[in-house]
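Visitor: show me how the following folds:
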Amino acid sequence: MPVKIRLQRHGKKGKPFYWIVAADARAKRDGKFLEKLGIYNPNTNPATIELNLDNSVTWLQNGAQPTDTARAILSYKGVLLKHHLLGGLRKGALTEEQVEEKFNAWMEEKAKSVADKVGGLDKAKAEARAAALKAEKEVNEKRALAAAEASLPEAAEVAEGDIEVTEAAEEAPVSALDAAVAESKGEVAAPAEAAATEEVKEEATAVADEVPAAKEAKEEAASKEEE
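Guide: Numbers count the residues shown, from 1 in each chain. The predicted structure is shown next:
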(Lines give C-alpha, C1' and ligand atoms only; values in the text may rest on other atoms or scores of the structure.)
Protein backbone atom coordinates (compact mmCIF):
# COMPACT_ATOMS: atom_id res chain seq x y z
CA MET A 1 0.00 0.00 0.00
CA PRO A 2 1.63 3.30 -1.08
CA VAL A 3 1.82 5.81 1.78
CA LYS A 4 2.18 9.55 1.53
CA ILE A 5 3.12 12.10 4.13
CA ARG A 6 0.94 15.09 3.41
CA LEU A 7 -1.08 17.93 4.88
CA GLN A 8 -4.68 17.58 5.95
CA ARG A 9 -6.57 20.88 6.03
CA HIS A 10 -8.39 22.10 9.15
CA GLY A 11 -9.43 25.47 10.56
CA LYS A 12 -11.90 28.02 9.22
CA LYS A 13 -12.19 29.96 5.99
CA GLY A 14 -9.32 32.41 5.57
CA LYS A 15 -7.35 30.98 8.53
CA PRO A 16 -6.48 27.37 7.84
CA PHE A 17 -4.10 25.18 9.78
CA TYR A 18 -2.95 21.70 8.87
CA TRP A 19 -2.25 18.31 10.31
CA ILE A 20 0.80 16.50 9.03
CA VAL A 21 -0.33 12.91 8.48
CA ALA A 22 0.81 9.63 7.00
CA ALA A 23 -2.09 8.41 4.85
CA ASP A 24 -2.93 5.98 2.09
CA ALA A 25 -2.15 7.65 -1.21
CA ARG A 26 -5.58 6.53 -2.50
CA ALA A 27 -7.48 8.22 0.35
CA LYS A 28 -9.01 11.67 0.06
CA ARG A 29 -6.92 14.58 1.21
CA ASP A 30 -9.07 15.28 4.26
CA GLY A 31 -10.21 11.68 4.74
CA LYS A 32 -8.88 8.85 6.87
CA PHE A 33 -5.18 8.76 7.74
CA LEU A 34 -2.83 6.18 9.22
CA GLU A 35 -1.02 8.40 11.76
CA LYS A 36 -0.93 12.05 12.73
CA LEU A 37 2.70 13.19 12.79
CA GLY A 38 2.33 16.86 13.71
CA ILE A 39 0.71 20.22 12.95
CA TYR A 40 1.54 23.17 10.74
CA ASN A 41 0.08 26.65 11.36
CA PRO A 42 1.02 29.23 8.69
CA ASN A 43 -0.97 32.02 10.38
CA THR A 44 1.88 32.90 12.77
CA ASN A 45 5.22 34.53 11.96
CA PRO A 46 7.33 32.47 11.89
CA ALA A 47 5.03 29.56 11.13
CA THR A 48 4.29 27.14 13.97
CA ILE A 49 5.42 23.58 13.31
CA GLU A 50 5.20 20.69 15.75
CA LEU A 51 6.44 17.33 14.49
CA ASN A 52 7.16 13.87 15.86
CA LEU A 53 10.65 13.49 14.45
CA ASP A 54 11.27 9.81 15.20
CA ASN A 55 7.91 8.61 13.82
CA SER A 56 8.40 10.72 10.71
CA VAL A 57 11.85 9.17 10.15
CA THR A 58 10.34 5.70 10.61
CA TRP A 59 7.70 6.34 7.93
CA LEU A 60 10.40 7.56 5.54
CA GLN A 61 12.46 4.43 6.21
CA ASN A 62 9.36 2.34 5.45
CA GLY A 63 9.02 3.96 2.03
CA ALA A 64 6.50 6.78 2.62
CA GLN A 65 6.76 9.57 0.06
CA PRO A 66 6.17 13.18 1.22
CA THR A 67 4.42 15.75 -0.92
CA ASP A 68 6.36 18.88 -1.90
CA THR A 69 5.00 20.97 0.99
CA ALA A 70 5.45 18.13 3.46
CA ARG A 71 9.01 17.60 2.22
CA ALA A 72 9.85 21.27 2.88
CA ILE A 73 8.46 20.97 6.41
CA LEU A 74 10.36 17.75 7.09
CA SER A 75 13.57 19.35 5.83
CA TYR A 76 13.00 22.43 8.01
CA LYS A 77 12.62 20.26 11.13
CA GLY A 78 15.65 18.06 10.33
CA VAL A 79 13.71 14.87 9.54
CA LEU A 80 15.32 14.45 6.13
CA LEU A 81 18.79 15.03 7.63
CA LYS A 82 18.20 12.44 10.31
CA HIS A 83 16.95 9.97 7.69
CA HIS A 84 20.08 10.60 5.60
CA LEU A 85 22.43 10.15 8.58
CA LEU A 86 20.73 6.91 9.59
CA GLY A 87 21.22 5.70 6.01
CA GLY A 88 24.94 6.31 6.41
CA LEU A 89 24.83 4.43 9.74
CA ARG A 90 23.24 1.40 8.08
CA LYS A 91 25.92 1.41 5.41
CA GLY A 92 28.66 1.64 8.05
CA ALA A 93 29.87 5.04 6.91
CA LEU A 94 29.01 6.64 10.24
CA THR A 95 28.83 5.58 13.85
CA GLU A 96 25.92 6.33 16.18
CA GLU A 97 28.04 8.90 18.02
CA GLN A 98 28.84 10.68 14.77
CA VAL A 99 25.17 10.64 13.75
CA GLU A 100 24.10 12.22 17.05
CA GLU A 101 26.92 14.76 16.96
CA LYS A 102 26.18 15.91 13.44
CA PHE A 103 22.45 16.05 14.05
CA ASN A 104 22.79 17.97 17.33
CA ALA A 105 25.17 20.49 15.74
CA TRP A 106 22.68 21.07 12.93
CA MET A 107 19.81 21.50 15.42
CA GLU A 108 21.77 24.09 17.41
CA GLU A 109 22.58 26.05 14.28
CA LYS A 110 18.94 25.88 13.19
CA ALA A 111 17.71 27.07 16.59
CA LYS A 112 20.14 29.99 16.44
CA SER A 113 18.95 31.05 13.00
CA VAL A 114 15.31 30.83 14.10
CA ALA A 115 16.09 32.93 17.19
CA ASP A 116 17.83 35.53 15.01
CA LYS A 117 14.80 35.66 12.73
CA VAL A 118 12.43 36.13 15.68
CA GLY A 119 14.70 38.86 17.07
CA GLY A 120 14.72 40.61 13.71
CA LEU A 121 10.93 40.47 13.53
CA ASP A 122 10.63 41.93 17.05
CA LYS A 123 13.04 44.74 16.13
CA ALA A 124 11.09 45.48 12.95
CA LYS A 125 7.86 45.64 14.95
CA ALA A 126 9.43 48.02 17.48
CA GLU A 127 10.76 50.28 14.71
CA ALA A 128 7.38 50.31 12.98
CA ARG A 129 5.67 51.20 16.26
CA ALA A 130 8.18 54.02 16.90
CA ALA A 131 7.69 55.37 13.37
CA ALA A 132 3.91 55.35 13.82
CA LEU A 133 4.21 57.25 17.11
CA LYS A 134 6.54 59.81 15.52
CA ALA A 135 4.16 60.35 12.60
CA GLU A 136 1.23 60.78 14.99
CA LYS A 137 3.23 63.32 17.04
CA GLU A 138 4.05 65.33 13.91
CA VAL A 139 0.38 65.38 12.89
CA ASN A 140 -0.64 66.62 16.34
CA GLU A 141 2.01 69.37 16.26
CA LYS A 142 0.83 70.52 12.82
CA ARG A 143 -2.77 70.68 14.05
CA ALA A 144 -1.74 72.71 17.12
CA LEU A 145 0.29 75.11 14.93
CA ALA A 146 -2.63 75.56 12.53
CA ALA A 147 -4.98 76.31 15.43
CA ALA A 148 -2.51 78.88 16.83
CA GLU A 149 -2.17 80.58 13.44
CA ALA A 150 -5.96 80.70 13.07
CA SER A 151 -6.29 82.49 16.43
CA LEU A 152 -3.62 85.15 15.62
CA PRO A 153 -5.87 87.45 13.45
CA GLU A 154 -8.47 87.71 16.24
CA ALA A 155 -5.79 88.65 18.79
CA ALA A 156 -4.39 91.25 16.37
CA GLU A 157 -7.84 92.85 15.91
CA VAL A 158 -8.31 93.09 19.67
CA ALA A 159 -4.85 94.69 20.08
CA GLU A 160 -5.55 97.26 17.33
CA GLY A 161 -8.83 98.19 19.04
CA ASP A 162 -7.02 98.79 22.33
CA ILE A 163 -4.43 100.97 20.60
CA GLU A 164 -7.16 103.11 18.95
CA VAL A 165 -8.93 103.64 22.26
CA THR A 166 -5.66 104.66 23.95
CA GLU A 167 -4.78 107.12 21.18
CA ALA A 168 -8.26 108.68 21.33
CA ALA A 169 -7.95 109.13 25.07
CA GLU A 170 -4.56 110.80 24.68
CA GLU A 171 -5.87 113.19 21.99
CA ALA A 172 -9.03 114.20 23.95
CA PRO A 173 -8.78 117.89 25.15
CA VAL A 174 -8.80 118.68 28.81
CA SER A 175 -10.98 121.54 30.05
CA ALA A 176 -9.44 124.68 31.55
CA LEU A 177 -11.09 123.90 34.86
CA ASP A 178 -9.47 120.46 34.96
CA ALA A 179 -6.15 122.09 34.09
CA ALA A 180 -6.49 124.66 36.86
CA VAL A 181 -7.39 121.98 39.36
CA ALA A 182 -4.40 119.90 38.24
CA GLU A 183 -2.10 122.93 38.62
CA SER A 184 -3.44 123.64 42.12
CA LYS A 185 -2.59 120.08 43.07
CA GLY A 186 0.92 120.52 41.78
CA GLU A 187 0.39 118.15 38.88
CA VAL A 188 1.95 118.71 35.49
CA ALA A 189 -0.74 119.31 32.91
CA ALA A 190 -0.72 117.79 29.47
CA PRO A 191 0.18 120.04 26.53
CA ALA A 192 -3.53 120.68 25.83
CA GLU A 193 -4.13 121.44 29.51
CA ALA A 194 -1.19 123.89 29.67
CA ALA A 195 -2.42 125.82 26.63
CA ALA A 196 -5.94 126.18 28.06
CA THR A 197 -4.50 127.38 31.41
CA GLU A 198 -2.38 130.04 29.70
CA GLU A 199 -5.45 131.41 27.89
CA VAL A 200 -7.35 131.74 31.19
CA LYS A 201 -4.39 133.56 32.79
CA GLU A 202 -4.12 135.99 29.88
CA GLU A 203 -7.84 136.87 30.12
CA ALA A 204 -7.56 137.43 33.89
CA THR A 205 -4.53 139.74 33.38
CA ALA A 206 -6.36 141.80 30.76
CA VAL A 207 -9.32 142.33 33.09
CA ALA A 208 -7.01 143.35 35.95
CA ASP A 209 -5.27 145.90 33.67
CA GLU A 210 -8.58 147.44 32.58
CA VAL A 211 -9.88 148.00 36.13
CA PRO A 212 -7.17 150.57 37.23
CA ALA A 213 -7.48 152.44 33.93
CA ALA A 214 -11.24 152.83 34.38
CA LYS A 215 -10.80 154.04 37.97
CA GLU A 216 -8.30 156.73 36.93
CA ALA A 217 -10.63 157.97 34.17
CA LYS A 218 -13.52 158.28 36.65
CA GLU A 219 -11.46 160.29 39.14
CA GLU A 220 -10.24 162.68 36.41
CA ALA A 221 -13.85 163.34 35.28
CA ALA A 222 -14.95 164.09 38.86
CA SER A 223 -12.14 166.66 39.37
CA LYS A 224 -13.12 168.49 36.19
CA GLU A 225 -16.73 168.78 37.38
CA GLU A 226 -15.59 170.41 40.66
CA GLU A 227 -13.67 173.03 38.81
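Visitor: where's residue 120, which helix or strand?
Guide: For residue 120, the host element (DSSP states H and E) is helix 96-171.
Visitor: list the helices and strands that helix packs on?
Guide: With contacts defined as 3 or more C-beta pairs under 8 Å, 6 or more residues apart in numbering; DSSP states H and E, the packing partners of helix 96-171 are helix 79-90. Glycine gets a C-beta too; all of them are placed from N, C-alpha and C.
Visitor: quick check: angle from the helix it packs on to helix 96-171?
Guide: Between the axes of helix 79-90 and helix 96-171, defined by axes from the mean of the first three to the mean of the last three C-alpha atoms, to 10 degrees, the angle is 160 degrees.
Visitor: list the buried ones in helix 79-90?
Guide: Neighbour counts using 16 or more other C-beta atoms under 10 Å place 79, 80, 81, 82, 83, 85, 86 of helix 79-90 among the buried residues.
Visitor: and the residues you listed as a markdown table, adding pLDDT?
Guide: Output for these, formatted as a markdown table (pLDDT from 0 to 100):
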| residue | pLDDT |
| --- | --- |
| 79 | 92 |
| 80 | 93 |
| 81 | 92 |
| 82 | 91 |
| 83 | 92 |
| 85 | 92 |
| 86 | 90 |
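Visitor: closest to residue 2 among these?
Guide: Within the buried residues of helix 79-90, the smallest distance to residue 2 is 18.0 Å, found for residue 83 (C-beta to C-beta).
Visitor: touching, that closest one and residue 57? I think so.
Guide: Yes: Residue 83 lies in contact with residue 57 (C-beta atoms under 8 Å); the separation is 5.2 Å.
Visitor: need the contact partners of stretch 47-59.
Guide: Stretch 47-59 is contacted by residues 3, 5, 20, 22, 35, 37-41, 73-74, 76-79, 82-83, 86 when judged by C-beta atoms under 8 Å, 6 or more residues apart in numbering.
Visitor: closest to residue 136 out of the buried residues of helix 79-90?
Guide: For the buried residues of helix 79-90, the nearest to residue 136 is residue 79 (46.9 Å; C-beta to C-beta).
Visitor: helices and strands of this protein: which one bottoms out on pLDDT?
Guide: When the helices and strands of the chain are scored by mean pLDDT, DSSP states H and E, helix 176-184 comes last with a mean of 52.
Visitor: okay, now the unreliable bits of this protein?
Guide: Under the criterion pLDDT under 70, the flagged ranges of the chain are 1, 153-227.
Visitor: outline the domain layout of it.
Guide: Per automatic domain parsing, the domain ranges recorded for the chain read 3-93, 174-212.
Visitor: what's the local residue count around residue 45?
Guide: Residue 45 has 10 neighbouring residues, counting by other C-beta atoms under 10 Å.
Visitor: now swap in residue 11 and tell me
Guide: What residue 11 shows, counting by other C-beta under 10 Å, is a neighbour count of 12.
Visitor: ok, the helix or strand hosting it: who's next to it in the sheet?
Guide: Assessed by DSSP H and E, residue 11 sits inside strand 3-12. In the sheet, strand 3-12 lines up against strand 15-24 (antiparallel), strand 65-66 (parallel) (DSSP bridges).
Visitor: wait, isn't residue 64 in contact with residue 22?
Guide: Yes: here residue 64 reaches residue 22: they are 5.7 Å apart, a contact under C-beta under 8 Å.
Visitor: mutual contacts of these two, please.
Guide: Common contact partners of residue 64 and residue 22 (C-beta under 8 Å, 6+ apart): 3, 4, 5.
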